[in-house]
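> Need a 3D model of the sequence below.
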Amino acid sequence: MKRLWGKGLFALLIKAASATALIAVASTASISAQAATMTEGLVQNYASAMKSAANSQNTNQVARLVSDDALISLSRKGKSTSLDKDAYLRLLQNSWNQTSNYRYDITVDNIVIAGSQAKANVTTNESWVKDGKNVSFVTTSRVTLALSTGNAVLLRAVSQVTID
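Numbering: from 1, shown residues only. Below is the predicted model of the structure:
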């Protein structure tokens, strides 16, 4: 009886140790996934995806590139406004609906990465035709991008808009 008890206890300890090891591995994988870091490549991927989404005038694609918590501050000629994600998407859609021949280009530089975020200088050049007239916007921004589901998304932007 003593011998059986010893084997049973030993087997129970091995099972418990195996379960503990499995939990430890799962916890480590979870922590590793949460501790992913931003990269310069993800920032460049963000810029490419935003260019594609804007040029195709696809608000759903743009929405995936903007955090639900985004705050976008725009200044022009001394006047400023701040937009959340929904207001930003409505502004884009309304602008696209009222214009033709829309073109968008984006450049990113001065990227500084800290953990799961990146700050960068972003310049966008937009042009379109409205009421038969060519219009061009140049927007210079300091943006914060955050890591979300393995991709960079816009979290904050402080922007200066110039109309040519």
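> Could you use CA atoms for every contact and neighbour count after this?
OK.
> what bits of the chain have low per-residue confidence?
1-35 (pLDDT under 70).
> Can you tell me the closest non-neighbouring residue to Ala36?
Ser116 (6.5 Å; CA to CA, 6 or more residues apart in numbering).
> Let me see the contact set for the one you found.
35-38, 146-147 (CA atoms under 8 Å, 6 or more residues apart in numbering).
> ditto for Gln93
By CA under 8 Å, 6+ apart, the contact set of Gln93 is 57, 59.
> Most neighbours among the contacts of Ser116, please name it.
With neighbours taken as other CA atoms under 10 Å, the top of the contacts of Ser116 is Ala146, carrying 26 neighbours.
> Thr162 versus that one, what's the distance?
26 Å (CA to CA, to the nearest Å).
> Same check on Asn94?
Taken as CA to CA, the span from Asn94 to Thr162 is 19 Å.
> Which one's more surrounded, the two?
Thr162 (14 against 11).
> Ramachandran angles for the more buried one?
phi -120, psi 130 (degrees, to the nearest 10).
> Now the helix or strand Asn110 falls within: buried residues?
Per DSSP states H and E, Asn110 falls inside strand 100-114. Of all the residues in strand 100-114, those buried under the rule 16 or more other CA atoms under 10 Å are 102-106, 108, 111, 113.
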